[in-house]
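Engineer: Output the structure for:
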Amino acid sequence: MFRKKKRPGAEISSSGLADIAFLMLLFFLVTTTIDIDTGIDLVLPPWVETAEQVQVRSDNIANLLVNEVGDVLLDEKIIGIPQIKPEIIARIKANPKLIISYKTVRDTPYNIYINVMDQLKLAYIDLRNEYARQKFGTTVDQATEDQVQEIRQAIPQRISLAEPTQAEG
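Structural biologist: So this is what the prediction gives:
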């Protein structure tokens, strides 16, 4: 009787597969962003060949010391890291010429160093925002360039980073 004809099975051509894979790889390489750690954002003063020594009165300096376990001393008084910001704000309001001398020991963990530095910077941000609200009715990030310059001159950031020392013991 009638025999069924055998039909060849459907085949998918794989010749374009390499091209498609290459295009997808190229697409993801181009569109992916790589997060680069840039470190601590510090603006250093310009280098000066002959720097003059300036005497600073001891009541214009706040000594902030951090040891390897994260204990913080502010003018020889133990203070917690979250208490640094309000204490520094109060001291700068009482003495606008205050310089914060920040010193650690070499074994201080990096995260503790950063947390303390963040508290210091947040104190200055709060002080600058308060000044901007009183003077211009806005915050620093919404102020014009001229206003930002005036705010920075009125509330200069005075943080002195001292060379770390070896832990005693």
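Engineer: Mind checking the pLDDT average for the longest helix along the chain?
Structural biologist: Of all segments of type helix in the chain, defined using DSSP state H, the longest is helix 110-136. Helix 110-136 comes out with an average pLDDT of 93.
Engineer: what's the answer for stretch 75-88, then?
Structural biologist: 92.
Engineer: Compute the first-to-last residue distance for that stretch.
Structural biologist: From its first residue to its last, stretch 75-88 covers 11 Å (CA to CA, to the nearest Å).
Engineer: Now it: buried residues?
Structural biologist: With burial defined by 16 or more other CB atoms under 10 Å, the residues of stretch 75-88 counted as buried are I79, I84, K85, E87, I88. All C-beta spots, glycine's among them, are computed from the backbone N, C-alpha and C.
Engineer: Any figure for the gap between the last one and F22?
Structural biologist: Yep, that's I88 we're talking about. With the distance defined as CB to CB, to the nearest Å, I88 ends up 56 Å from F22.
Engineer: ditto for the second one
Structural biologist: As defined by CB to CB, I84 lies at a distance of 54 Å from F22.
Engineer: repeat for Q134
Structural biologist: Counting by CB to CB, the gap from Q134 to F22 is 60 Å.
Engineer: residue ranges of the helices in this protein, please?
Structural biologist: Using DSSP H, helices in the chain cover 17-31, 81-94, 110-136, 145-154.
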